[in-house]
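Novice: Below are the sequence and a predicted model; questions follow.
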Amino acid sequence: NAGVTQTPKFQVLKTGQSMTLQCAQDMNHEYMSWYRQDPGMGLRLIHYSVGAGITDQGEVPNGYNVSRSTTEDFPLRLLSAAPSQTSVYFCASSRGGGQGNTEAFFGQGTRLTVV
Amino acid sequence: LAKTTQPISMDSYEGQEVNITCSHNNIATNDYITWYQQFPSQGPRFIIQGYKTKVTNEVASLFIPADRKSSTLSLPRVSLSDTAVYYCLVGVRDYKLSFGAGTTVTVRA
């Protein structure tokens, strides 16, 4: 059981380039989310999805797009990379069920550097 | 979301018990308290969740007093591998987690 898989693990982009961070889960979870973590800080929510075809913005959505065409995949697109987007990106999934079942499963992260 | 306050860092030695207290004075009636653990270069990992009194699993215990305005995560007999950042979350949905800076626990030999 692979859980949540993120690719790539490391990426260096030039300012203005675009790219897609991939996230896939094999647990048949309805909910998926993207977070970014800057050095010494907690995670901040970028976008999330509560099911295929449904996405919404989180705390820091600017400069990022998402789509959810299948239950398994939730890619994050950087439209025009900026140095401020240098960060570690985490994808998470959960099966939902209300507050008493708040267990999210995280991927290993993608370390992105924009130069 | 209820605001949480927890210590920035804690030091301990192998074999000791580590207790991390989280304050959440404005917790709502239906809010649960959840703790995550994050090792360097890894994503966070769910540790434990509770609503009131005491919850125990194979990793930790969570103590919640009657007024629920604080909670304490207890890690029994820590080892070097328990060195990590521990996050206290209150009143969150599983797809919309809100992480603060957490508590960095350093275990020394």
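Specialist: Noted; the coordinates are in hand.

Novice: Every contact and neighbour count from this point should use C-alpha atoms.
Specialist: Fine.

Novice: which phi and psi does the residue lying closest to A:Leu79 once chain neighbours are set aside have?
Specialist: Distance criterion C-alpha to C-alpha, 6 or more residues apart in numbering or on different chains; nearest residue to A:Leu79, sequence neighbours excluded, is A:Ser18 at 5.0 Å. Comment: the main-chain dihedrals of A:Ser18 come out as phi -120, psi 160, following degrees, to the nearest 10.

Novice: My guess is A:Ser18 contacts A:Leu78. True?
Specialist: Yes: at 5.3 Å, A:Ser18 counts as touching A:Leu78 under the criterion of C-alpha atoms under 8 Å.

Novice: neighbour count winner among the two?
Specialist: Between A:Ser18 and A:Leu78, counted using other C-alpha atoms under 10 Å in any protein chain shown, A:Leu78 has the larger neighbour count: 19 against 14.

Novice: Let me see the contact set for the more buried one.
Specialist: Contact analysis of A:Leu78 by C-alpha atoms under 8 Å, 6 or more residues apart in numbering or on different chains lists A:Ser18, A:Met19, A:Thr20, A:Gly63, A:Tyr64, A:Asn65.

Novice: Show me which of those are buried.
Specialist: Restricting the contacts of A:Leu78 to buried positions leaves A:Tyr64, A:Asn65, with burial counted as 16 or more other C-alpha atoms under 10 Å in any protein chain shown.

Novice: what about chain A, any weak spots by pLDDT?
Specialist: For chain A, applying pLDDT under 70 flags the ranges A:1, A:97-102.

Novice: Quick one: the strands in it, in order.
Specialist: When assigned using DSSP state E, the strands of chain A occupy the ranges A:4-7, A:10-13, A:19-25, A:31-37, A:43-51, A:54-57, A:64-66, A:76-78, A:87-94, A:105-106, A:110-114.

Novice: got it, and chain B?
Specialist: Taking DSSP E as the test, the strands found in chain B are B:9-13, B:18-23, B:33-38, B:45-50, B:53-56, B:61-64, B:70-75, B:84-90, B:103-108.

Novice: Name the nearest residue to B:His80, sequence neighbours excluded.
Specialist: Quick fix: residue B:80 reads Leu, not His. Leaving out its chain neighbours, the residue that sits closest to B:Leu80 by C-alpha to C-alpha, 6+ apart is B:Val107, at 5.2 Å.
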